[in-house]
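A.B. asks: Here is a sequence with its predicted model. Questions after.
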Amino acid sequence: VLTDPVVPCGQILALHLSIPSIFFLRGLPCSFDLQATQCPDPPSYVPRTFTDNSDHMTFIQRVENLLLKSSESFLCNFAYLPFELLASDFLHRPVTMKELLSHGSIWLKRMDFVFEYPMPVMPNIAFIGGINCGKKK
């Protein structure tokens, strides 16, 4: 199943049918993509989305990054709770969002290190950016 993990209905269906899933995405809120693939995601190195920080942060930016990461978990757990309940009802077992997304076979990420910051990734993540990614003005 080729699906976008922002709305994980395709992944729920793939788990139910026991078929592999391929995720096509730019990024997920709250770094669910990094958590599900078990990528290292230290807040002192990897900047959070919407902060405009680079991978070379000052101490204050690192503290801001840490505070933002800690607040993300609360907000995203609340936002993705309906999908967790849907998946739990459909699959007849308790499922978390992280567990649901961890079954993805391949992650096709529409980003490129030329335009973004370098980050540690796992072997099942392939970067296909550069074609539809433009540099911010």
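C.D. replies: Cool, the structure landed.
A.B. asks: who touches the residue nearest to residue 62 when sequence neighbours are not counted in this structure?
C.D. replies: Sequence neighbours aside, residue 44 is the residue nearest to residue 62 in space, at 5.0 Å (criterion: C-beta to C-beta, 6 or more residues apart in numbering). C-beta coordinates here come from the backbone N, C-alpha and C atoms, glycine included. Residue 44 makes contacts with 57, 62, 65-66, as judged by C-beta atoms under 8 Å, 6 or more residues apart in numbering.
A.B. asks: Enumerate the positions of stretch 16-27 that are buried.
C.D. replies: For stretch 16-27, a neighbour-count test (16 or more other C-beta atoms under 10 Å) marks 21-23, 25 as buried.
A.B. asks: got the residue ranges for the strands in the chain?
C.D. replies: Under the criterion DSSP state E, the chain contains strands at 2-3, 22-25, 106-109, 125-127.
A.B. asks: quick one, which of those strands is nearest to residue 76?
C.D. replies: Judged by C-beta to C-beta, the one of those that comes nearest to residue 76 is strand 22-25, at 15.1 Å.
A.B. asks: strand partners of the closest one, parallel vs antiparallel please.
C.D. replies: strand 2-3 (parallel), strand 106-109 (parallel) (DSSP bridges).
A.B. asks: need those strands in JSON lines with distance to residue 123, mean pLDDT and mean neighbour count, can you?
C.D. replies: Shown next, in JSON lines, are these (distance: least, C-beta to C-beta, whole Å; pLDDT from 0 to 100; neighbours: other C-beta atoms under 10 Å):
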{"stretch": "strand 2-3", "distance to residue 123": "19", "mean pLDDT": "91", "mean neighbour count": "15"}
{"stretch": "strand 106-109", "distance to residue 123": "10", "mean pLDDT": "90", "mean neighbour count": "18"}
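A.B. asks: Make JSON lines out of those strands and add distance to residue 124.
C.D. replies: Listed next are the strands paired with strand 22-25 as JSON lines, based on distance: least, C-beta to C-beta, whole Å:
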{"stretch": "strand 2-3", "distance to residue 124": "15"}
{"stretch": "strand 106-109", "distance to residue 124": "5"}
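A.B. asks: on that earlier part again, nearest to residue 32, of the strands of the chain?
C.D. replies: Of all the strands of the chain, strand 22-25 comes closest under C-beta to C-beta, at 10.0 Å.
A.B. asks: Many thanks, I have nothing further to ask.
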